[in-house]
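In: From the sequence below, what's the structure:
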Amino acid sequence: MKHVFLCGDPALDLACTLRARRTERVETLDAPGRLDAWFLESGVVDAISRSRDADLIQAVALREAIYALVTARIADAEYDDEALGLVNATARKPPAEPQLTAKGRWVEATPVQALSTVARHAIELLSGPDVPLMKECANPECTKIFIDRSRGGRREWCGMESCGNKVKAAAYRARRKEAQAAAPVTTTFPGEA
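Out: Below you'll find the predicted structure:
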């Protein structure tokens, strides 16, 4: 399974690697190799040294801290001190450093450096101009948070393919079922008309 990047910021994309938090949780960071894949697929790095179990544990802890801070910010609530401390401590570690090569930009990092980079994204996001643009997906089963940069700020879904189409199809089926139930039943017998 490939990772999904619909949120508009690496910190939000990491926070959303645990899907469907309110229903049947789906963990996408279930092995160190999956964390490495996330780092590469997200574009945070171009090359990563192999993650170990300890790196995975740290990544999951950072993910939960970011999610706690983001949901608090959206709800205009106080930050959790432990989550705040973890994000700040992770951001204080050396980040991944881009290098210029003959072929362009290249970022090679350790898992610790990559996590520091993601924590720095979280700090920039939560203290920057995109805060009012953060929204939770309107699908009640989805817990992804995204940055709504749509014209008019009317985006409702993390993605049309993943959630929008499902909710719209379910609403259509419900309306159709309701219309069928409300329609008068007429019965004609042979010879009548």
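In: from here on, contacts and neighbour counts on C-alpha atoms
Out: Fine.
In: quick one: low-confidence parts of this structure?
Out: 1, 160-162, 164-180, 183-193 (pLDDT under 70).
In: Which parts of it are helices?
Out: In the chain, the helices defined using DSSP state H lie at 10-15, 32-42, 53-74, 81-92, 111-126, 165-182.
In: Rebuild these as CSV, extending it with distance to Met134.
Out: CSV is the format used below for those (distance: least, C-alpha to C-alpha, whole Å):
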stretch, distance to Met134
helix 10-15, 9
helix 32-42, 19
helix 53-74, 7
helix 81-92, 18
helix 111-126, 9
helix 165-182, 20
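In: Distance to Gly159 and mean neighbour count for those helices - can I get that in TSV?
Out: Formatted as TSV, the helices of the chain follow (distance: least, C-alpha to C-alpha, whole Å; neighbours: other C-alpha atoms under 10 Å):
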stretch	distance to Gly159	mean neighbour count
helix 10-15	13	25
helix 32-42	17	19
helix 53-74	19	19
helix 81-92	27	16
helix 111-126	20	23
helix 165-182	9	12
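In: so what's the spatially closest residue to Arg155 that is not a sequence neighbour up against?
Out: Excluding the flanking residues, the one nearest Arg155 by C-alpha to C-alpha, 6 or more residues apart in numbering is Asp148, at 6.0 Å. When the contact criterion is C-alpha atoms under 8 Å, 6 or more residues apart in numbering, the partners of Asp148 are 133-135, 154-155.
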